[in-house]
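Peer 1: What follows is a predicted protein model with its sequence.
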Amino acid sequence: MRLVVSGLKTANYPFGAIWGRYVRDFDPSEHCQKCLIGSAEPKIHRTLEDEAPIDLRGDFPYFYLFAWGNGDRSISNVHLPVRAHAGAVASIGSIYGVTFTLYDAIALRVDRLPDGWKGMNAKYTSCRNFQFGVHAFPARVMGEFKPAQKSLLQPEG
């Protein structure tokens with residue numbers, strides 16, 4: 001996979017953070033970035049260069065790209081969970097005019113969880129990272145704490 005970011009230099013707001021994480025598992029006792037078990041991609045940060053391709057590792061089942069915006073997180077944050085898929089392109093724009101494109105990757109649809117899902121606090125159920133973990137590693141929230149077997153995530157579209 002390869003990431004290309006465009007529009008950072010001309011964005012009308014600098015992201016507070018930009019990170020990418022290789023995800024191999026999920027910890028449902030946490031939310032936000034802490035719930036995604038894996039490793040960070042050190043080449044992805046808020047001072048990325050426009051149009052400078054970043055080659056990503058292919059040895060993890062998923063990759064999660066995140067950019068932290070300002071204000072209403074439902075419209076200002078960028079979330080792009082993907083899995084490797086030769087020849088595919090996954091891309092997402094932001095309200096700031098920045099576009100994140102991952103080549104040889106397919107975007108994954110992550111459905112929102114209902115308020116109060118499994119009696120959990122909204123800090124968890126409204127967190128897009130947590131929602132991804134629930135869909136990618138369903139055994140983790142069903143009480144079976146074994147290494148995840150197969151994901152139920154489907155490609156976007």
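Peer 2: On my side now, so go ahead. This structure is a prediction, so every number in the text was calculated from the model and none was measured.

Peer 1: do you know how far residue 133 is from residue 45?
Peer 2: The gap separating residue 133 from residue 45 is 23 Å, by Cβ to Cβ, to the nearest Å. Quick note: C-beta positions are derived from backbone N, CA and C, even for glycine.

Peer 1: whoops, I mixed them up, residue 36
Peer 2: Distance, residue 36 to residue 45, by Cβ to Cβ: 17 Å.

Peer 1: Same check on residue 84?
Peer 2: Residue 84 is 22 Å from residue 45, where distance means Cβ to Cβ.

Peer 1: neighbour-wise, which of these two wins?
Peer 2: The residue with more neighbours, out of residue 84 and residue 45, is residue 84; 18 against 13, by other Cβ atoms under 10 Å.

Peer 1: List the buried residues in the helix or strand that one falls within.
Peer 2: If you go by DSSP states H and E, residue 84 is part of strand 78-93. Within strand 78-93, the residues that count as buried by 16 or more other Cβ atoms under 10 Å are 78-84, 88, 90, 92.

Peer 1: and these as JSON lines, adding distance to residue 31?
Peer 2: JSON lines is the format used below for those (distance: Cβ to Cβ, whole Å):
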{"residue": "78", "distance to residue 31": "18"}
{"residue": "79", "distance to residue 31": "13"}
{"residue": "80", "distance to residue 31": "18"}
{"residue": "81", "distance to residue 31": "15"}
{"residue": "82", "distance to residue 31": "20"}
{"residue": "83", "distance to residue 31": "22"}
{"residue": "84", "distance to residue 31": "26"}
{"residue": "88", "distance to residue 31": "29"}
{"residue": "90", "distance to residue 31": "24"}
{"residue": "92", "distance to residue 31": "21"}
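
Peer 1: which of the residues you listed sit farthest apart?
Peer 2: 78 and 84 (19.7 Å; Cβ to Cβ).

Peer 1: what is residue 63 paired to in the beta sheet?
Peer 2: Judged by DSSP bridges, the bridge partners of residue 63 are residue 22, residue 82.

Peer 1: And it, how close does it get to residue 20?
Peer 2: As for residue 63, its distance to residue 20 is 6 Å (criterion: Cβ to Cβ).

Peer 1: any shared contact partners between those two?
Peer 2: By Cβ atoms under 8 Å, 6 or more residues apart in numbering, residue 63 and residue 20 have these common neighbours: 41, 56.

Peer 1: Cheers, nothing more for now.
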